[in-house]
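**Q** Need the 3D shape of this:
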Amino acid sequence: MGRSKEIEKTLWSIALPGFAQFLNSKYFKGFVFITLEVLINVQARLNQAIMYSFHGDIQKAIEVTDYGWLMIYPCLYLFAIYDAYRDAGGGDSFLFLPFVISAYMGTIGVIFSPYILGPIWLPILFLVLGAAIGIGIRNFIRNYLTNT
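**A** Residues are numbered from 1 along each chain as shown. Here you go, the predicted structure:
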């Protein structure tokens, strides 16, 4: 039952950072995350970039994006998901690793996205790569600690 609750909160946070905090009765945090999500989304023109990217017009997505604002987004997004999962009771002492590394890699993806795949696809690919690296490092550390 508990695992299902953690997954539900994580999926709501993926849909919109802050929703899961409301479900976890963390109303102030939820309000802050939703406010920051909307602010950064509007300032970076992220929804427009998503629309152009999904339509295959990568150049237009690059032109419309404010990269100064978009740089903040991966860290906010991943932290909100991590916070929702943790508040729902999930995780262990190394839970943060996949989220932190994924946020870093997503930000690196944003930096290079004007040159390769645009402001949506490259950050997503880097974010997934970061999650895989983070999970690998987390598993390595957990296995090392249990074997010593």
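**Q** For the rest of this, base every contact and every neighbour count on C-alpha atoms.
**A** Will do.
**Q** Tell me if I'm right that A88 and F22 touch.
**A** No: in this structure, A88 is not within contact of F22 by CA atoms under 8 Å, at 11.2 Å.
**Q** got a list of contacts for stretch 140-148?
**A** Residues from elsewhere that reach stretch 140-148 (CA atoms under 8 Å, 6 or more residues apart in numbering): F94.
**Q** What residues sit buried inside that stretch?
**A** Buried residues in stretch 140-148, counting neighbours by 16 or more other CA atoms under 10 Å, are absent.
**Q** Dump the C-alpha coordinates for it into CSV.
**A** Extracted C-alpha coordinates of stretch 140-148, given in CSV (Å, rounded to 0.1, in the frame of the first residue of the first chain):
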residue,chain,number,x,y,z
PHE,A,140,27.3,0.8,-6.1
ILE,A,141,27.5,2.8,-2.8
ARG,A,142,24.7,0.7,-1.2
ASN,A,143,26.4,-2.6,-2.3
TYR,A,144,29.8,-1.4,-1.2
LEU,A,145,28.4,-0.4,2.3
THR,A,146,26.6,-3.7,2.7
ASN,A,147,29.7,-5.7,1.7
THR,A,148,32.1,-4.0,4.1
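**Q** I'd like the next helix or strand past the worst-scoring helix or strand of the chain on mean pLDDT.
**A** Within the chain, no helix or strand scores below helix 2-15, which has a mean of 83 by mean pLDDT, DSSP states H and E. Remark: after helix 2-15, the chain's next helix or strand is helix 19-23, criterion DSSP states H and E.
**Q** Show me where this protein has its strands.
**A** Listed in chain order, the chain contains no strands at all (DSSP state E).
**Q** Report the central residue of it.
**A** Nearest to the geometric centre of the chain sits L78, at 3.0 Å (CA atoms, centre = their mean).
**Q** taking the mean pLDDT, what do you get for the longest helix belonging to the chain?
**A** Criterion DSSP state H: the longest helix present in the chain is helix 118-147. The pLDDT scores in helix 118-147 average 93.
**Q** cool, and stretch 18-30?
**A** Rounded mean pLDDT across stretch 18-30 is 92.
**Q** Buried ones in it, by neighbour count?
**A** 18-24, 29-30.
**Q** got it, and stretch 4-23?
**A** Neighbour counts over stretch 4-23 (16+ other CA under 10 Å) mark 6, 8-14, 16-23 as buried.
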